[in-house]
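Peer 1: quick one: sequence plus predicted model below, questions after.
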Amino acid sequence: MMRLRADLHIHTCLSPCADDLMTPKTVVKTALDRGLGLIAITDHNSTQNVEATVAAAEALPLSVLLGIEITTQEEVHLLGLFDNCQSALAIQEIVYKHLTPGINDEKLFGYQYVVDQDDYVIEENKRLLTGATNLAVDRVASSVQALGGLCIAAHIQRERFGLLYQLGFIPEKLAIDAVEITSDVSLLQVAKRFGCSIDFPVVYDSDAHYPDDIGKMTTTFEVEATTISELKMALKGISGRRIITGDSADA
Ligand SMILES: [Zn+2]
Ligand SMILES: [Zn+2]
């Protein structure tokens, strides 16, 4: 079994709100410097920099998941994580089809650079990636699952774009694999604050927008491989796979 420190929520220079220095090479180098073994690239409503980052990590001891942070019609952020390019492309198509049309104002929101594995700019994405899709929370979750992905409710402790703040509860039977916390609070504290019970595994991630954020919050996975099915087993704590977080260390 491998033991990997993971940060599954990292933006690149494709996200308008992320630092332009968040290029594939910088993200990969910083992740390695901080002892991470697994990361996920999760730009807002786009997967266009995921393959470049996977390529930048090739032959290095770092696994990169192909991810996306989707804005639902309720203005909730959900992460979709995949281990293959076809699924990442497929979710991209669904999201672009349902994304509110609009042009990014780079002076106002920031640049959206699509880059290659050597950090060269291929193009500027002009879509309004900060906008919402017209896909409801359950539709996004089921689309991610149908494509073999892992679905995580992002930064649930936060007010802006957090599932609990936006909806006030976690819908029964919502097809998410985990909830995510991106600050130094426990799941119990979050549940108390929102007055609800949270019966999902919790992962801790950084939601990095700047190189210095990478690896600030992490979750340790014990798995045989960095496939989505292995990560799902770890989240469920079955077949000897498991996750280790600050929460479970306290328990
Ligand atoms: Zn978010
Ligand atoms: Zn994010």
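Peer 2: Everything's here; your move. Residues are numbered from 1 along each chain as shown. Ligands and ions are numbered 1, 2, ... in the order given.
Peer 1: quick check: phi and psi on residue 39?
Peer 2: Dihedral pair for residue 39: phi -130, psi 160, per degrees, to the nearest 10.
Peer 1: gap between it and ligand 1?
Peer 2: Distance of residue 39 to ligand 1, computed by Cβ to the ion, to the nearest Å: 16 Å. Backbone N, C-alpha and C define where each C-beta goes, glycine included.
Peer 1: I'd assumed residue 15 was in contact with residue 209.
Peer 2: Yes. Look at residue 209 against residue 15 with Cβ atoms under 8 Å: they come within range, at 7.0 Å.
Peer 1: anything in contact with each of the two?
Peer 2: Residues within reach of residue 209 and of residue 15 at once, by Cβ atoms under 8 Å, 6 or more residues apart in numbering, are residue 22.
Peer 1: would you mark the buried spots in stretch 176-188?
Peer 2: Residues 176-182, 186-187 are the ones in stretch 176-188 that count as buried (16 or more other Cβ atoms under 10 Å).
Peer 1: so which of these belong to helices?
Peer 2: Mapping those onto helices (DSSP state H) picks out residue 187.
Peer 1: higher neighbour count, residue 209 and residue 15?
Peer 2: Taking neighbours as other Cβ atoms under 10 Å, residue 209 and residue 15 compare with residue 15 leading, 27 against 17.
Peer 1: tell me how far the more buried one lies from ligand 1.
Peer 2: 10 Å.
Peer 1: other residues contacting whichever helix in the chain runs longest?
Peer 2: Criterion DSSP H: the longest helix present in the chain is helix 85-98. Helix 85-98 has contacts (Cβ under 8 Å, 6+ apart) with 45-48, 50-51, 66-68, 70, 80, 82, 127, 133-135, 143-144, 147-149.
Peer 1: and if we set it to 7 Å?
Peer 2: Contact with helix 85-98 is made by 45-47, 50-51, 66, 68, 70, 80, 82, 133-135, 143-144, 147-149, as judged by Cβ atoms under 7 Å, 6 or more residues apart in numbering.
Peer 1: same question for stretch 64-77.
Peer 2: Contacts for stretch 64-77 (Cβ under 7 Å, 6+ apart): 8, 39-47, 50, 53-54, 57, 78-83, 85, 88, 91, 95, 131-137, 140, 154-155, 161, 163, 166-167.
Peer 1: and the residue of the protein nearest ligand 1?
Peer 2: residue 77 (3.6 Å; Cβ to the ion).
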